[in-house]
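> sharing a model prediction with you, sequence too.
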Amino acid sequence: MKSSFDIDLSKALITLRKGGVILYPTDTIWGLGCDATNEMAIERIFTIKQRSQQQPLLILVDSLEMLRKQVDCKNELLMKNLSFHEPTTVIFPKKQSLPDNLTGFQSSIAIRLVDEPFCNALIRQLGRPLVSTSANISGQKSPALFSEITQSVIRQVDYVVLYRQDDKTPAQPSAIVKIKDGKLLKIR
């Protein structure tokens, strides 16, 4: 018999592979997600969030190998030392293979190497990065708990993950750093 984790994982994967948008728990706050290589799904996230397409979205990866495929960073020492004590999003120069609407038509991409069982399994089985953006209308407070997500957002997604909906541990957005001149510069 499948566990609820496995059932959620299976349904989320089916949704993502069909170009759908999911509502899911990340290593930080609850997020809206889709296949980061699917331009139409990315557009839906902008619509759900009522967000300008000039504002970039971030992606989650499950490994350094997947990270290397998404960025244009030659500093191997820096890449090997991207371990942080807290969830941290790093802004890299992007490769041209990523959709322009994902990055707000900019030359950089925000990526987080995720350390959360559900996200890791989802990304690994999808085989591609996953978009992750807060599950709220743009400009509103980011939901630290599932119970803080508005019904208008919930109604617009294709699948809502059940895993961790009852988790009452308040979450925080990730720290953000940027690679500049081969060094990390803290932004948030």
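That came through fine. Numbers count the residues shown, from 1 in each chain.

> in three-state terms, label Ile48 for me.
What DSSP: H, G, I helix; E, B strand; the rest coil gives for Ile48 is helix.

> what's the pLDDT at it?
You'll see Ile48 listed with a pLDDT of 98.

> excluding chain neighbours, give the residue nearest to it in space.
Residue nearest to Ile48 in three dimensions, not counting chain neighbours: Gln156, with 4.6 Å by C-beta to C-beta, 6 or more residues apart in numbering. In short, each C-beta sits where N, CA and C put it, glycine included.

> and the one you found, how many residues sit next to it?
Neighbour count of Gln156, defined by other C-beta atoms under 10 Å: 15.

> what does the one 10 residues further on give?
The local packing of Asp166 (other C-beta under 10 Å) involves 9 other residues.

> quick one: contacts for it?
Taking C-beta atoms under 8 Å, 6 or more residues apart in numbering, we find Asp166 in contact with Phe146.

> recalculate using a threshold of 10 Å.
145-147 (C-beta atoms under 10 Å, 6 or more residues apart in numbering).

> what of Gln70?
Contact analysis of Gln70 by C-beta under 10 Å, 6+ apart lists 36-37, 59, 61, 92, 94-95, 97-98, 109, 111, 128-129.

> brilliant, that's me finished.
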